[in-house]
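Enquirer: okay, here's the prediction I keep looking at, along with the sequence it came from:
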2 protein chains.
Amino acid sequence: MRYTEMNKEQLAAEKERLEQQFNEYKAKGLKLDMSRGKPSPDQLDLSMEIMDHYGNEYVSENGIDCRNYGILDGIPEAKAIFSEMLEVSSEQIIIGGNSSLQLMYDFVIRALQLGVLGSEKPWCKYDKVKFLCPVPGYDRHFAICESLGIEMINIDYKSDGPDMDEVERLVSSDESIKGIWCVPMYSNPTGISYSDEVVRRFAMLKPAAKDFRILWDNAYCVHHLSDEHDKIINIIEECEKAGNPDMVVEFASTSKISFPGSGVAVIAASKANIDFIKSQLTFQTIGYDKLNQLHHVQYFRDINGIMEHMKRHAAIVKPKFDAVLSALDREIAPLGIGEWNSPRGGYFISFDSLDGCAKRIVGLAKDAGVVMTGAGATYPYCRDPRDSNIRIAPTYPTVDELNLAMEIFCICVKLASVEKLLGEK
Amino acid sequence: MRYTEMNKEQLAAEKERLEQQFNEYKAKGLKLDMSRGKPSPDQLDLSMEIMDHYGNEYVSENGIDCRNYGILDGIPEAKAIFSEMLEVSSEQIIIGGNSSLQLMYDFVIRALQLGVLGSEKPWCKYDKVKFLCPVPGYDRHFAICESLGIEMINIDYKSDGPDMDEVERLVSSDESIKGIWCVPMYSNPTGISYSDEVVRRFAMLKPAAKDFRILWDNAYCVHHLSDEHDKIINIIEECEKAGNPDMVVEFASTSKISFPGSGVAVIAASKANIDFIKSQLTFQTIGYDKLNQLHHVQYFRDINGIMEHMKRHAAIVKPKFDAVLSALDREIAPLGIGEWNSPRGGYFISFDSLDGCAKRIVGLAKDAGVVMTGAGATYPYCRDPRDSNIRIAPTYPTVDELNLAMEIFCICVKLASVEKLLGEK
């Protein structure tokens, strides 16, 4: 019976039953964590050969001693493999350090202080700088904006990407809108991949700000859960076709391919953008860690090596997604108190509770020893207007831990929902 | 006979002789490089065990999986070893990525955009931001300022550090002066180490700007050439004693200890400064490369390990310094056409030609196949007011290459000097 169809007495009885279950779990003093998109140790074990490869190898294919200074934009073989992954030329890519987040933060703070290619003046010289933020989205994107004083405007998601009518309307009418955050593939946390139409509409934007940038965080570009996977079209090519070659800057990394702490991050964009970014980067660093780039390439060899490797990740990750989804299907679906997606890749399942319940659910889960991403974290300023979105990150716990964590989570969803419905009756 | 004592005919004859020598070298089509402070391959070979250590080791002493996300300020054992090196507590240090230059650039751009601890407003909100720059100094420090629009004011060096009378006068009178670049030990390029008095006068500065910062780039803190080495006192301690605990931020790295491209960089400062810096850093990155930190510690173990290692560097580097100095002593000293230092550590020998000759010398050397650091590079805006300073970087070439390069360099110095003196007669 759906909770919404229950009368007050039925709800009260259900509440009592749930509280008892909740307290039993709480008494166990568990410590489970579904809060961050963090690969599990067995996923990291997949890449240990990268370390074995360290040995005595330090010379890149063009004879550069990777131990020493130099080579701002990365060694050629690293450019080659990531060019393949992102389908760009080696002139359209910079190989960075261990963090694509850092590349994004640095891009934005430089834009504020110095401007981007084509800026009339640095962004900080405007009274106000605004970014569009498809929601729910990645908390660290929003945190970059908030920490740097950039105003954020929510854009809702449709089933195939951000609400493009709204994006087009705002971008074309407001010169202070300088950017938009996109996770185009297996979006964090919605799991949505942008349709061809959405990507093309992005490429054809006519921004009021001549130095508007689409920040295309393609974090999950090869992170499929099975052979039946999503595909997105190449935004850099589409922007070029549309006469907006410099409007997009793409980011990616091996954080969730090899090692989150010691991976290799990349920026891709038009050659003009890349040249401009290099002209700014050269004051910040003499070069990123080339040994790590080299050893990544030695291990993965080419894009096929990466794709084979990602299948081994999928073999570990998919059963965890399935555990979360089957718990939700079994426990929540019949009660009509939540909605969620079934993504074909990425790192998250996005759960929407009844309005006004997300904070309570996360709080209850915490009390019972299950750490979730903070409610609201998927919205700018941590303000979820409906207080309904919860990001579930299933990768780090084992399947057994996850099954237990989901039992508890589902009780918390039910309990919060009953409380909410009782309050309304 | 000193060139200055020669008459016009003697100089003309000398010129003819030098031109002949010069052309003989030029005809050889050599390619020698004394331009950058870059360790030689045999120095890098000293650290290859760091790579051997990669193996399967990835857990830090407190159980952290260094492969995964997390730990913004570095693993405990890395904090321990660099705390020892810089004589600070582990609360006063952040372990960074592969580049101290990046930590410095990031510090300055954040100061502009967000301010530092105690700032009333971000530096970019002032009409003008100025930095004091002891000269000759490190070109990449000056490039950071120039690229970010910070005005630079030259401060001359005395024998024991920057002209502190001038530093005190300017810092106490001009609120727009927000910082000073210092390389306190074996300064780049002068080789000067700051005396205790200079360090204490720095610590006791009374800046007009409440958010003034001393950027203390201790790049060569353990880079001695022999057991008879310079010592500097601890600026962080001195600032604390003087009631200015937050006025200094110190930077260092293993770039010239282990690998320039894949070393470990650090920031040290008061705990309050470090806490503030972490509160800004947390938006830029989830964490630097902890595996690299771990493997550095596994190899060096403690400060004694670093000091022993640096002796092996010195055994390679000192003969190169000696080669440069003996060439200058033999070829230039008797002619009275140049001055230079004999540093007890670091990476450079600073050569001062007759006024107005540096550009010509570097140009001649280039024509003869010897690349020097660009004349003027050691001054803000590449403007050496006397056109006399040339930075000699002896570490990268072999001793044989260096002997040859110095033969050519000395001929260029002589030829440019003769030209200059002839022009004056």
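Expert: The structure has been received and is ready for your questions. Residues are numbered from 1 along each chain as shown, chains lettered A, B, ... in the order given.
Enquirer: tell me the buried residues in the longest strand along chain A?
Expert: Taking DSSP state E as the assignment, the strand of chain A that covers the most residues is strand A:151-158. In terms of neighbour count (16 or more other CB atoms under 10 Å in any protein chain shown), strand A:151-158 has its buried residues at A:152-155, A:157. Where C-beta positions appear, they are placed from N, C-alpha and C, glycine not excepted.
Enquirer: cool, stretch A:370-384 as well?
Expert: Of the residues in stretch A:370-384, A:370-380, A:384 count as buried by neighbour count, 16+ other CB under 10 Å.
Enquirer: do any residues in stretch A:264-282 lie close to chain B?
Expert: Yes - using CB under 8 Å from any CB of the partner chain, stretch A:264-282 comes into contact with chain B via A:Gln280.
Enquirer: pull that stretch out as PDB, backbone CA atoms only.
Expert: The C-alpha atoms that make up stretch A:264-282 are tabulated as PDB, following Å, rounded to 0.1, in the frame of the first residue of the first chain:
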ATOM      1  CA  VAL A 264      46.500  12.300 -14.600                       C
ATOM      2  CA  ALA A 265      44.100  15.200 -15.500                       C
ATOM      3  CA  VAL A 266      43.600  16.900 -18.800                       C
ATOM      4  CA  ILE A 267      42.200  20.000 -20.400                       C
ATOM      5  CA  ALA A 268      40.900  19.900 -24.000                       C
ATOM      6  CA  ALA A 269      39.700  22.800 -26.100                       C
ATOM      7  CA  SER A 270      40.300  24.600 -29.400                       C
ATOM      8  CA  LYS A 271      43.900  25.100 -30.300                       C
ATOM      9  CA  ALA A 272      43.500  28.900 -29.800                       C
ATOM     10  CA  ASN A 273      42.100  28.200 -26.300                       C
ATOM     11  CA  ILE A 274      44.800  25.800 -25.500                       C
ATOM     12  CA  ASP A 275      47.500  28.200 -26.700                       C
ATOM     13  CA  PHE A 276      46.000  30.900 -24.600                       C
ATOM     14  CA  ILE A 277      45.700  28.700 -21.500                       C
ATOM     15  CA  LYS A 278      49.300  27.700 -21.900                       C
ATOM     16  CA  SER A 279      50.300  31.400 -22.100                       C
ATOM     17  CA  GLN A 280      48.800  31.800 -18.600                       C
ATOM     18  CA  LEU A 281      49.900  28.400 -17.200                       C
ATOM     19  CA  THR A 282      53.500  29.100 -17.900                       C
END
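Enquirer: before we move on, back to that, residues making contact with the longest strand of chain A?
Expert: A:128-136, A:142, A:145-146, A:162-164, A:166-167, A:170, A:177, A:180, A:187, A:190, A:192, A:379-381, A:385 (CB atoms under 8 Å, 6 or more residues apart in numbering or on different chains).
Enquirer: got the buried residues for stretch A:218-225?
Expert: Neighbour-count burial for stretch A:218-225 [16+ other CB under 10 Å]: A:218-225.
Enquirer: filter the residues you listed down to the ones in strands?
Expert: Short answer: these have none in strands (DSSP E).
Enquirer: so which of those residues is the closest to chain B?
Expert: A:Ala219 (12.6 Å; CB to the nearest CB).
Enquirer: do I have it right that that closest one meets A:Glu250?
Expert: No - the criterion here is CB atoms under 8 Å, and A:Ala219 misses it with A:Glu250 at 10.4 Å.
Enquirer: after the lowest-mean-pLDDT helix or strand in chain A, which helix or strand is next?
Expert: Lowest mean confidence among the helices and strands of chain A (mean pLDDT, DSSP states H and E): helix A:48-52, at a mean of 80. Using DSSP states H and E, the helix or strand that follows helix A:48-52 in sequence is helix A:76-86.
Enquirer: so where is chain A shaky, pLDDT-wise?
Expert: For chain A, residues meeting the criterion pLDDT under 70 lie at A:53-56.
Enquirer: spatially central residue for chain A, please.
Expert: A:Asn188 (3.8 Å; CA atoms, centre = their mean).
Enquirer: which SS class is A:Arg391?
Expert: strand (DSSP: H, G, I helix; E, B strand; the rest coil).
Enquirer: just the one 3 residues further on next, same as before
Expert: Under the three-state scheme (three-state DSSP), the conformation of A:Pro394 reads as coil.
Enquirer: show me the contacts for it.
Expert: A:34, A:317, A:320-321, A:323-324, A:349, A:402.
Enquirer: which one (most neighbours) among these?
Expert: Most neighbours among the contacts of A:Pro394, by other CB atoms under 10 Å in any protein chain shown: A:Met34, with 28 neighbours.
Enquirer: surely it is in contact with A:Val370?
Expert: Yes - between A:Met34 and A:Val370 there is a contact under CB under 8 Å: 6.6 Å.
Enquirer: so for these two, which residues contact both of them?
Expert: Taking CB under 8 Å, 6+ apart as the contact rule, A:Met34 and A:Val370 both touch A:405, A:409.
Enquirer: what helices and strands are in contact with the helix or strand containing A:Val108?
Expert: Using DSSP H and E, A:Val108 falls within helix A:100-114. The contact analysis (3 or more CB pairs under 8 Å, 6 or more residues apart in numbering or on different chains; DSSP states H and E) places helix A:100-114 against helix A:139-147, strand A:177-182, strand A:213-217, strand A:248-253, strand A:265-269, helix A:271-281, helix B:100-114.
Enquirer: now the fourth one and strand A:213-217, what's the angle there?
Expert: Orientation of strand A:248-253 against strand A:213-217 (axes from the mean of the first three to the mean of the last three CA atoms, to 10 degrees) gives an angle of 20 degrees.
Enquirer: contacting residues around strand A:248-253?
Expert: In contact with strand A:248-253 (CB under 8 Å, 6+ apart) are residues A:82, A:85-86, A:88, A:96, A:98-100, A:103-104, A:107, A:202-203, A:213-219, A:221, A:235-236, A:239, A:263-269, A:273, A:277.
Enquirer: 7 Å - rerun?
Expert: Strand A:248-253 is contacted by residues A:86, A:100, A:103-104, A:107, A:213-219, A:221, A:235-236, A:239, A:263-269, A:273 when judged by CB atoms under 7 Å, 6 or more residues apart in numbering or on different chains.
Enquirer: do the longest one as well
Expert: Contact partners of helix B:100-114, identified using CB under 7 Å, 6+ apart, comprise A:109, A:112-113, A:124, A:148, A:283-286, B:96, B:122-124, B:140, B:144, B:148, B:215, B:217, B:219, B:249, B:251-253, B:255, B:265, B:267, B:280.
Enquirer: and if you look at the second one?
Expert: Strand A:177-182 is touched from outside by A:123, A:129-134, A:137, A:141, A:167, A:170-171, A:209, A:211-217, with contacts defined as CB under 7 Å, 6+ apart.
Enquirer: the fifth one too?
Expert: Outside strand A:265-269, the residues within contact range by CB under 7 Å, 6+ apart are A:82, A:86, A:88, A:92-100, A:103, A:236, A:248-253, A:277.
Enquirer: strand partners (parallel or antiparallel) of that strand?
Expert: Under the criterion DSSP bridges, strand A:265-269 sits next to strand A:93-95 (antiparallel), strand A:248-253 (antiparallel) in its sheet.
Enquirer: mean neighbour count for the ones you listed - can I get that in JSON lines?
Expert: As requested, the strands paired with strand A:265-269 are exported to JSON lines (neighbours: other CB atoms under 10 Å in any protein chain shown):
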{"stretch": "strand A:93-95", "mean neighbour count": "25"}
{"stretch": "strand A:248-253", "mean neighbour count": "25"}
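Enquirer: how about those strands, which one is nearest A:Gln20?
Expert: When those are compared by CB to CB, strand A:248-253 sits nearest A:Gln20, at 45.6 Å.
Enquirer: how far is stretch A:23-31 from where the chain is centred?
Expert: In this view, stretch A:23-31 has its centroid 31 Å away from the chain centroid, taken as CA atoms, centre = their mean, to the nearest Å.
Enquirer: what does stretch A:255-266 give?
Expert: Centre to centre, stretch against its chain (CA atoms, centre = their mean), the figure for stretch A:255-266 is 14 Å.
Enquirer: from chain B, how far off is A:Ala368?
Expert: Using CB to the nearest CB, to the nearest Å, one gets 24 Å for the distance from A:Ala368 to chain B.
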